[in-house]
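# Predicted model and sequence below, questions to follow.
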Amino acid sequence: MLLVLVPLLVATLLVAVGVGAVGISIPQVLSILLAKLGMTPLVEFSPQQQGVLEAIRLPRVLLGALVGAGLAVSGAAMQGLFRNPLADPGLLGVSSGAALAAALTVVLGLEALGFYALPIAAFLGSIVTTVMIYAIAGKSGRFDVSTMLLAGIAINALCGAGTGLCAYMATNEQLRTITFWQLGSLGGATWDSLWMALPFILVTLVALPFLANALNALLLGEANARHLGIPVEMVKWVIVTLVALGVGAGVAVSGMIGFVGLVVPHLIRLWLGPNHRVLIGASALLGAALLVAADTISRVIVAPSELPIGIVTAFMGAPFFLFLLLGKRGVAR
Amino acid sequence: MMLSVRDLSFTVQGRHLLAQIRMDLAPGELLVVVGRNGAGKSTLLKHLTRDLPVTSGEIQLYGQPLESHKPKDLARKRAVLPQHTQLDFAYAVQEVVMLGRIPHQRRHAETADDRLIVSACLARVGLAGYEERNYLTLSGGEQQRVHLARALAQLEGTEGDRLLLLDEPTSSLDLAHQHQILTLARELASQGVGILAILHDLNLAAQYADRILVLAGGKVLAYGTPFEVLTAEVIDAAFGHPVVVLPHPQANCPLIVSLPETAATPREPLLAG
């Protein structure tokens, strides 16, 4: 598994940092990195190539990999928690809350406060909605997953209405910003945004594999998991918190990017089975590679302009998903 | 006594689902709980599995209040086979059984011992060679036996007393497999495992139980050996259906034969209490 996914991710990263208006070949990429480490470069490269790689491509590609991995493992964890292969981190209201906060920021002109006003507002929005859904699902002392699902649907609808109202009141310029944010883009990636998102997503990526056994047991139902000695209530809270942090940070810096959290764990289950000990790590690697690839396509397909990445992932993900559904023989998931 | 229940009562919205239940289970004993639908069998079991909290009365396990056991310690000494387990993901059979080893594992280390135990437990329930099969392609009866193997794997390698709780373990099985599973239960009991099983089939209960607990309306109606408990009067009172009880022609146990319902014997409604 690692023998396939790790080379795939590395190759995707190397190709992705080289592709664009300023072309950089893979040997040149390696040379620039070697030079940075004080070693002898393999081939010649121009200062312009070095500048583009260091200031623009590297942070963007690394952020893409980080966000992709975070979305994919969060999707895997949500599907395990809900015992439903169609569950998605969006059920927590993370994306819709972030979208509403981002739209409000734009319409109220708060963007003028600084470049990071929008991601910070989006992150706060995702945390606020998730806490609300938590509170409703946990009101009886026990954390009720089906109540959470229903609360998530209601709060998502409410946030959607709020976002729509913002869009209705927005000027043309603001509307364009809102729309682009909702479709997702890594175009704003900088080293700063990478460092902002890194701690949150890293916590999710590092902690979730420790819950693999618990997630496996939860697929048998909560009572069975309890009988196996799993502290089910605590595990549910921890999973929801990790997913909210990981997805919230990703959404904050890159907007809403759909289908990665849904499709990647599915692909891995088809290939390697549903065991979370494998599923979580493999989803992280494939999610990273897939989002970097989608971002590269979004950069080159209408160059010199850029397509929002959410359009690319949906165009890649949705037909593929339909293909899976049509090919499914009842037990193939 | 490994398990003792004293004056256990449970009330929901003024309805007494359990009232003053007293029972004991010794190591190596197979206790069968019978009763009509709604008699309190599942409610009693949910208290024993800690799915419901003890609100009135007391349950002691291994000499300590049930609530005081740490979840992971308890999981090594007590396994539960539910009546039905919903699992919709395409696990290999051995992965499902391996879940029973979770309480014994440190971190994620799955040892060679664990794998041997999984194969041995599958063999005990008659599923040798099923290790790599996709769980979702199995029949309902096979799936039920996979979960029994999981429960067996959970108790494997535990020092001291062990308790197995079975909720209608034979409900989705054919005749031969019903007997296979209960024979296995007897075998486990002979190795010192205490077993409490809910059964619907009174003849299976008669044939395999050491003692039988008859519940009716949340109360203990009768409690004792099959010969003491399975009388026509008790069964009629518990189930509201006339039977005759004969000696089993071959085994040393009672044989219950149900009689056709007659107009002369009016019945209380089926779903009382």
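Happy to help now that I have it. Computed from a predicted structure; not experimentally measured.
# what's around the residue of the stretch 201-333 of chain A found nearest chain B, how many residues?
Nearest to chain B in the stretch 201-333 of chain A, going by C-beta to the nearest C-beta, is residue A:229, at a distance of 2.9 Å. Using the backbone N, CA and C atoms, a C-beta is placed for each residue, glycine as well. Residue A:229 sits with 20 neighbouring residues when counted by other C-beta atoms under 10 Å in any protein chain shown.
# And for residue A:115?
By other C-beta under 10 Å, neighbour count at residue A:115 equals 11.
# Wait, a strand at it?
No. Residue A:115: not assigned to a strand; according to DSSP: H, G, I helix; E, B strand; the rest coil it is coil.
# Now do the contacts for it.
Contact analysis of residue A:115 by C-beta atoms under 8 Å, 6 or more residues apart in numbering or on different chains lists nothing.
# What distance do you get for it to chain B?
Residue A:115 sits 42 Å away from chain B, going by C-beta to the nearest C-beta, to the nearest Å.
# Tell me the pLDDT of that residue.
pLDDT for residue A:115: 73.
# about what we covered before: now the residue of the stretch 201-333 of chain A closest to chain B: closest residue in space, sequence neighbours ignored.
Leaving aside its sequence neighbours, residue A:229 sits nearest to residue B:75 (C-beta to C-beta, 6 or more residues apart in numbering or on different chains; 2.9 Å).
# Could you do residue A:31 as well?
Per C-beta to C-beta, 6+ apart, closest to residue A:31 is residue A:41, 3.5 Å.
# The strand or helix carrying residue B:220: what's the following helix or strand?
Here residue B:220, judged by DSSP states H and E, is contained in strand B:219-224. Reading on from strand B:219-224 to the C-terminus, the next helix or strand found by DSSP H and E is helix B:226-229.
# I'd guessed the residue of the stretch 201-333 of chain A closest to chain B sits against residue B:101; true?
No. Under the criterion of C-beta atoms under 8 Å, residue A:229 makes no contact with residue B:101, lying 11.0 Å away.
# For the residue of the stretch 1-150 of chain A found nearest chain B, which non-adjacent residue is closest in space?
Nearest residue of the stretch 1-150 of chain A to chain B, counting by C-beta to the nearest C-beta: residue A:83, 6.8 Å away. Spatial nearest neighbour of residue A:83, excluding adjacent residues (C-beta to C-beta, 6+ apart): residue A:219 at 5.6 Å.
# got it, and residue A:180?
residue A:308 (5.8 Å).
# ok so the residue of the stretch 201-333 of chain A closest to chain B is a strand residue?
No. Counting by three-state DSSP, one finds residue A:229 to be coil, located in no strand.
# Check which residues of the host helix or strand of residue B:20 are buried.
Using DSSP H and E, residue B:20 sits in strand B:15-25. Residues of strand B:15-25 classed as buried: B:17-19, B:21, B:23-25 (neighbour count, 16 or more other C-beta atoms under 10 Å in any protein chain shown).
# and it, what other elements does it pack with?
strand B:3-12, helix B:41-48, strand B:193-198, strand B:219-224 (3 or more C-beta pairs under 8 Å, 6 or more residues apart in numbering or on different chains; DSSP states H and E).
# how about these, which one is nearest chain A?
Comparing the helices and strands packed on strand B:15-25 by C-beta to the nearest C-beta, helix B:41-48 comes nearest, at 8.6 Å.
# so what's residue A:237 closest to, chain neighbours aside?
residue A:143 (6.3 Å).
# ok, the one you found - contacts?
By C-beta under 8 Å, 6+ apart, the neighbours of residue A:143 are A:137, A:233, A:236-237, A:240.
# So residue A:283 sits against residue A:78, correct?
No. The pair residue A:283 / residue A:78 is not scored as a contact, 11.4 Å apart, by C-beta under 8 Å.
# Pick out whichever of those two has more residues nearby.
The residue with more neighbours, out of residue A:283 and residue A:78, is residue A:283; 33 against 24, by other C-beta under 10 Å.
# Test for you: state the pLDDT assigned to the more buried one.
96.
# Where does the most far-flung residue of chain A relative to its centre fall, secondary structure wise?
In terms of distance from the mean C-alpha position of chain A, residue A:40 ranks first, at 36.5 Å (C-alpha atoms, centre = their mean). Assessed by DSSP H and E, residue A:40 sits outside every helix and strand.
# May I have the phi/psi pair for it?
Main-chain torsions, residue A:40, degrees, to the nearest 10: phi -70, psi 130.
# is it true that it touches residue A:30?
No. Counting by C-beta under 8 Å, residue A:40 sits too far from residue A:30 to count as a contact (11.5 Å).
# Flag the shaky bits of chain A, pLDDT-wise.
In the predicted model of chain A, residues A:328-333 satisfy pLDDT under 70.
# Report the central residue of it.
Most central in chain A (C-alpha atoms, centre = their mean) works out to residue A:71, at 3.0 Å.
# List the buried residues in the strand holding residue B:220.
Those would be B:219-223, for strand B:219-224 by 16+ other C-beta under 10 Å.
# Give the burial count for the residue nearest to residue A:180, as a bare number.
Neighbours of residue A:308 (other C-beta under 10 Å): 21.
# try residue B:174
So residue B:174, with other C-beta under 10 Å, has 11 neighbours.
# What degree of burial does residue A:58 show, as a neighbour count?
Using other C-beta under 10 Å: residue A:58 sits among 21 other residues.
# you'd agree it is up against residue A:16?
No. Counting by C-beta under 8 Å, residue A:58 stays clear of residue A:16, with 10.0 Å between them.
# follow-up on the earlier one: how deep is the residue nearest to residue A:31 tucked in, by neighbour count?
For residue A:41, the neighbour count with other C-beta under 10 Å is 15.
# show me what contacts it?
So residue A:41 contacts A:31-32, A:34-35 (C-beta under 8 Å, 6+ apart).
# rerun at 10 Å
With contact set as C-beta atoms under 10 Å, 6 or more residues apart in numbering or on different chains, residue A:41 has these partners: A:27-28, A:30-35.
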